[in-house]
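Q: sequence? don't have it. structure:
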């Protein structure tokens, strides 16, 4: 539900001020707030008792999930809008399930496999039938749309890789019997993702892109609301789910319900045209998600 709010507000901000600037803003705004929250609730601005190997996994998780993946997602938000972007990104539980299978021997059962197929089928249906008119970007060309869908695909892969890495880092083990607190993991991931975004922005010669957001009151307001829903509440809650879920696929599937929530939200908030096939595709993907959860 948090990511429904962040998708809507980040989409509005990105459409007005550009994806790179909004991506910078939300991390620059979230890091000091999360450090302060960590100091108040856990003690200390930075988690000091995390072994180097686990810190490395969390850093990589932040780079893949919050820098590379979200850069693609913000590009998708600005071009194809929050509803279609979220549906394409909903493929990430399947990717996470396959990665968990390959890296942690979490073998999916028949129901989970059926859920994966249905989820991917629903995504394909929505993307294929999404050529119907949209009020988000009526002037969008076929090439821009293809790049937007590709950006959402990069986001899905980054989300899956980031989750598997963070899950491995937070689990209890011989070196840390209690595992890592989800808030501590969130802080490490956010800082790593922010530094990676700075490096990427420097390479793109867009280090000051955040200024465009700061100069536009509406974009700044939307970006701040998206930050509260996404990098602060959403990512922290996702780390709690990732840490305590019995299986990676269960947590990932529940966190992929954003497209279902965004159907009515996108209709009432931006008057986006919701076709019958879009509803069918989202419903199929949601059924697949339920099967993944109950596998």
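A: The structure has been received and is ready for your questions. Just so it is clear, the model here is predicted, and its values are computed rather than measured. Residues are numbered from 1 along each chain as shown.
Q: Please point out which parts of the host helix or strand of residue 117 sit buried.
A: Using DSSP states H and E, residue 117 sits in helix 110-129. Under the neighbour-count criterion of 16 or more other Cβ atoms under 10 Å, helix 110-129 has 112-116, 118-120, 122-127 buried. Where you see a C-beta, it was placed from the backbone N, CA and C, and this is true even at glycine.
Q: got the buried residues for stretch 176-196?
A: 176, 179-196.
Q: To clarify, my last question referred to stretch 202-220.
A: Buried residues in stretch 202-220 (16+ other Cβ under 10 Å): 206, 209-210, 212-213, 216, 219-220.
Q: Relative to the whole chain's centre, how far out is the longest helix along the chain?
A: The longest helix of the chain (DSSP state H) is helix 142-170. Distance, stretch centre to chain centre, for helix 142-170: 8 Å (Cα atoms, centre = their mean, to the nearest Å).
Q: Name the next helix or strand downstream of it, please.
A: That would be, after helix 142-170 and using DSSP H and E, helix 182-203.
Q: For the stretch 101-250 of the chain, give me the ranges with low pLDDT.
A: By pLDDT under 70, the low-scoring segments of the stretch 101-250 of the chain are 104-105, 127-135.
Q: how near is residue 116 to residue 157?
A: 15 Å (Cβ to Cβ, to the nearest Å).
Q: again with residue 239
A: From residue 239 across to residue 157, the span is 19 Å (Cβ to Cβ).
Q: between these two, who's got more neighbours?
A: residue 239 (27 against 20; other Cβ atoms under 10 Å).
Q: tell me the contacts of the more buried one?
A: 166, 170, 182-183, 185-186, 189 (Cβ atoms under 8 Å, 6 or more residues apart in numbering).
Q: let's see it at 7 Å
A: Going by Cβ atoms under 7 Å, 6 or more residues apart in numbering, residue 239 touches 166, 182, 185-186.
Q: which one of these sits closest to residue 277?
A: Closest approach between these and residue 277, by Cβ to Cβ: residue 166, at 35.0 Å.
Q: list the contacts for that closest one?
A: 58, 61, 185, 189, 239, 242.
Q: repeat that for 6 Å
A: 61, 185, 242 (Cβ atoms under 6 Å, 6 or more residues apart in numbering).
Q: Next, count neighbours for the first one.
A: Using other Cβ under 10 Å, residue 61 is surrounded by 28 other residues.
Q: what's in contact with the helix or strand encompassing it?
A: Using DSSP H and E, residue 61 falls within helix 52-62. Around helix 52-62, the neighbours that count as contacts under Cβ under 6 Å, 6+ apart are 162, 165-166, 168-169, 185, 188-189, 192-193.
Q: what's the answer for stretch 22-33, then?
A: In contact with stretch 22-33 (Cβ under 6 Å, 6+ apart) are residues 10, 13-14, 74, 190, 194, 197, 209-210, 213, 223, 227, 231-232.
Q: Helix, strand or coil: sort out residue 136 for me.
A: coil (DSSP: H, G, I helix; E, B strand; the rest coil).
Q: residue contacts, the closest residue to residue 261 other than its chain neighbours?
A: Closest residue in space to residue 261, ignoring its immediate chain neighbours: residue 4 at 4.1 Å, by Cβ to Cβ, 6 or more residues apart in numbering. The neighbourhood of residue 4, defined by Cβ under 6 Å, 6+ apart, consists of 258, 261-262.
Q: gap between residue 4 and residue 258?
A: 5 Å.
Q: before we move on, what about residue 11?
A: As judged by Cβ to Cβ, residue 11 and residue 258 stand 12 Å apart.
Q: One more: residue 267?
A: Counting by Cβ to Cβ, the gap from residue 267 to residue 258 is 15 Å.
Q: These two: which has the busier surroundings?
A: residue 258 (24 against 14).
Q: what sits against the more buried one?
A: So residue 258 contacts 3-4, 86 (Cβ under 6 Å, 6+ apart).
Q: With residue 154 instead?
A: residue 72.
Q: tell me the contacts of residue 9?
A: When contacts are taken as Cβ under 6 Å, 6+ apart, residue 9 is in contact with 222, 225-226.
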